[in-house]
Every structure is written in C-alpha cells, then in structure tokens.
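Chemist: one predicted model, sequence on top.
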Amino acid sequence: MKPAFKTAIRALGAGAVTLAASGAFAQTVTIAMLNNPDMIELKKLAPAFEKANPGVKLNWVILEENVLRQRATTDITTNSGQFDVVMIGAYEAPQWGKRGWLSPMTNLAASYDLNDVVKTARDGLSYNGTLYALPFYVESSMTYYRKDLFAAKGLKMPDQPTYDQIAQFADKLTDKAAGTYGICLRGKAGWGENMAYVSTVVNTFGGRWFDEKWHAQLTTPEWKKAVGFYVDLLKKDGPPGASSNGFNENLTLMSSGKCAMWIDATVAAGILYNKQQSQVADRIGFAAAPIAVTPNGSHWLWTWALAVPKSSKSQDAAKKFIEWATSKDYVELVAKDEGWASVPSGTRQSTYARAEYRQAAPFSDFVLKAITTADPNHPTAQPVPYTGVQFVGIPEFQSFGTVVGQSIAGAVAGQMSVDQALAAGNAAADRAVAQAGYQK
C-alpha cells in the first residue's frame, strides 16, 4: 500500500471517529408508543436518556390504542424490524415470547432491582419463567365519582358498590341541561377498549366467553343481561356519542367535570388527582369496581409494558432505553416534573413505600390491593378453559374480540339490538376457535 494512500485511510478513520463522537452515526431506536398521558410524559422526559446516552437517538411513533395494537402486531408477525421498542401488554407478552418474537429481558443491571417490581406484573409478562417485557405501569379497574355531586344529592358511595346502585346513582346525578352525565363508560370498539370494560361486566353478571369445551357463550342469559344493562345505562345516563369514547376521551370528560361517575383503569387516578391536569382534582372520590352476582372478574388486570422485537437491529440500545424508562430513577424524574401522584403506578414496591407517594396519592393502597387481587386464572364464577380477566389469552382473541366490540358499539349507537349484536359476536367467536382447533 502506498504511503499516501495509508495516510488517506488514517485520515478517513479519524474523521469517522469524530463523526461518531458528534452523534452523526448515532444509533436510532424507534419506539411504538401508546398516546396515553403517562406515555406522553415519557417522551417529554426522554431527552434525559439521550443526554446520558449520546450514541442513541430516539424516534417516536405515538399511536391511538387500536392502531398501536395493529401496527405492533403486523411488525412482529412479519418480522419487518420497523420498531425497536414496542408497547404491549399482558395479553401479547407471553404469547409473543412463546413464539420467539421477543428478546428475553435477561441480564438486567443490578441497579434495576428486578425484585422490586411487583410480582403480579413480572408473572403476567413472562412465559415459562422467562420475562419478555418490563412493565411501564400496571393497572386494575375502579370506580371514580364526584364527591360534591353525591353530597348535593344526599348520596353515599359504598366501598363496594353494586351495579344496581350505580344505575340508581346515575339516574339521580344526570343533569343533561347542565352538561353533567351520571356515568361515563368505554364505548369505542376494540378488544382492549370497550371489551376490556364490558368483559368485566359480563364476568360479574355470571357470564363467560367460552364454556369448558370452547363453545362461545355470548347468547346466554348472563351475557344478554350484562350487555343489556351496560347499553341501557349508557343510553340513559351517558354522554352523547358514547360509542366513540375510549379511555382517553372519558378521561377528558371526567377531568373536565362532565361525569358524575366513571368506571375505568386505576392508572387514571394519578391524573384525576393532579391539579395541573384535572379541574375536579379536589372533588374526586373512589371505590371498588362494581359487582353484580359474583366478585369474580369484576376488576381487570393489565400491564402496559415495553419489549424488544427479535427483529430489531438495535437490541442493546433498545433494551437500555427500556431499563431506563421502567427504572426507579425514572419514577423520581416524573415525581420532580409532575408530582408524586402522577408517577407510574402498580410497578414498583419502592414507590408504594415512599411517604411522598402515599401522601400525594390517597388511592395508593387501594390500587395496589385491586391489582394484587385481580385473578386472571379464575376470571369467572364458572370454569373456563382460558386465562385473562378482560381478555381471552389466545392469539385469535385480537380478531374476534374486536368483532364483538364493534357489534356492541353498534348496539350502544342504536344501530342494532343487543340480541343482534350478541348473535353476531357469538358466531364470530365460535367460528374463530373452531377453525383454530380448540373445540374437540
């Protein structure tokens, strides 16, 4: 090799080092993220991670829940490698881990303190003892209500309300002329939107998705009574356009003072009690999710978690970001920025041990109890062949669960009767499990 050429190569190499140090060759980590407030806060605080890791650039793809599920599933199943980090839940993590689509969350830094993560969350994100995602937050469901509106009507919310009581309260609290609605509930179609809530109603009314031989049960009296109750309640005492309202839409309605009651995710408590984000922060009360004939499956269990697809080309950087986003240090960052009431809930025992959190979040012990008592292995009063409180833990559920959700949203919107909606849903569920070979 000629001396001049060697000199040129050395100069090029030095330039490459300089470019890498300046970030020109930074590794990009593309994150598929949900558009809930807690995740928007994560993006806001993420420059702290990039500053500490100058070789990594974060690229955010923030999506509505139904779209996120669809995009993440397509990316994973086609092995396209579009995303380096995906936000998934307790439904996807064990199934995708089993199929080898996710990188195991092993060899975590000692400072991460995995034993501090609530065991319920770890178990729900594992398959065969291997952890495939780290929890960003964990939730169950609960009842929120306006203490001032209850007091004005001389009403008292019990610690454990029944659905009959909820209906009676809603009737008395609805004041459409004033723009106040007795109840806000999820109506937007989707297996993780309206069906997450509706499934808990069905469970506590004594229903189940399938019997022990995998025959769909959506046309049973229990389903008809539960869904009929839900549809009638929303039509009578819910806001207009309820069939378009999911978690975020109802959160906006509740925090702006439009709802007297709301039954939904425990994670909303941190937002509703935050005076910067809620107009009714000092007027919110809480109680357990309502029950009907059985407590089984009356409150759900869900984890929004972060995972690395096997198809990612930035495995190490993606994993490093996930460790940071679910760490004790990140909890401290949120507390400093938004206050202790708004830190990610349900994930770390150390959060619940903090005096600052317990003082700012009067709901903390209640939420932790709801999370730890939800039982995905016994979600109904009758025996079932599946796991999951508000979902059926099989791959086919994404498809037929959404079809059922669309039919029930149609009933809320007045486009079909409850019987028609359930007949259509039952046929879709039966067909899916029969084709997949579950029925023997």
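Modeler: Noted; the coordinates are in hand. Residues are numbered from 1 along each chain as shown.
Chemist: C-alpha from now on. contacts and neighbour counts both.
Modeler: Noted.
Chemist: check which residues of stretch 125-142 are buried.
Modeler: 125-127, 130-142 (16 or more other C-alpha atoms under 10 Å).
Chemist: restricted to helices, list those.
Modeler: With helices taken from DSSP state H, there is no overlap with the buried residues of stretch 125-142.
Chemist: of all those residues, which comes closest to S103?
Modeler: Among these, Y132 lies closest to S103 (C-alpha to C-alpha), at 6.4 Å.
Chemist: surely that closest one touches R99?
Modeler: No: applying C-alpha atoms under 8 Å, one finds Y132 not in contact with R99, separated by 11.2 Å.
Chemist: phi and psi next, for the residue positioned nearest the centre of the chain.
Modeler: Nearest to the mean C-alpha position of the chain, by C-alpha atoms, centre = their mean, lies W304 at 5.0 Å. Backbone geometry at W304, expressed as degrees, to the nearest 10, gives phi -90, psi 120.
Chemist: okay, it: pLDDT?
Modeler: At W304, the model reports a pLDDT of 97.
Chemist: same question, A26
Modeler: 80.
Chemist: which ones are touching it?
Modeler: A26 makes contacts with 20, 54-57, as judged by C-alpha atoms under 8 Å, 6 or more residues apart in numbering.
Chemist: likewise for A287?
Modeler: Contacts for A287 (C-alpha under 8 Å, 6+ apart) come out as 142-144, 157-161.
Chemist: for those residues, pick the one with the most neighbours.
Modeler: Within these, most neighbours by other C-alpha atoms under 10 Å means Y144, with 27 neighbours.
Chemist: how close does the residue nearest to that one when sequence neighbours are not counted get to I394?
Modeler: Closest residue in space to Y144, ignoring its immediate chain neighbours: F286 at 4.6 Å, by C-alpha to C-alpha, 6 or more residues apart in numbering. As defined by C-alpha to C-alpha, to the nearest Å, F286 lies at a distance of 33 Å from I394.
Chemist: ok, these two, which is more surrounded?
Modeler: Taking other C-alpha under 10 Å, F286 and I394 do not tie; F286 has more neighbours (23 against 14).
Chemist: give me the domain ranges for the chain.
Modeler: Structurally, the chain divides into domains by automatic domain parsing as follows: 14-139+302-360, 141-300+382-435.
Chemist: neighbours around the nearest residue to F321 once chain neighbours are set aside, how many?
Modeler: Excluding the flanking residues, the one nearest F321 by C-alpha to C-alpha, 6+ apart is F49, at 7.3 Å. Residues near F49, counting by other C-alpha under 10 Å, number 17.
Chemist: what helix or strand is F49 on?
Modeler: helix 47-52 (DSSP states H and E).
Chemist: repeat for V86
Modeler: strand 85-88.
Chemist: now do D419
Modeler: Per DSSP H and E: D419 is located in helix 418-435.
Chemist: and that helix, which residues are buried?
Modeler: Across helix 418-435, burial judged by 16+ other C-alpha under 10 Å covers 418-430, 432-433.
Chemist: other SSEs contacting that helix?
Modeler: helix 221-237, helix 397-412 (3 or more C-alpha pairs under 8 Å, 6 or more residues apart in numbering; DSSP states H and E).
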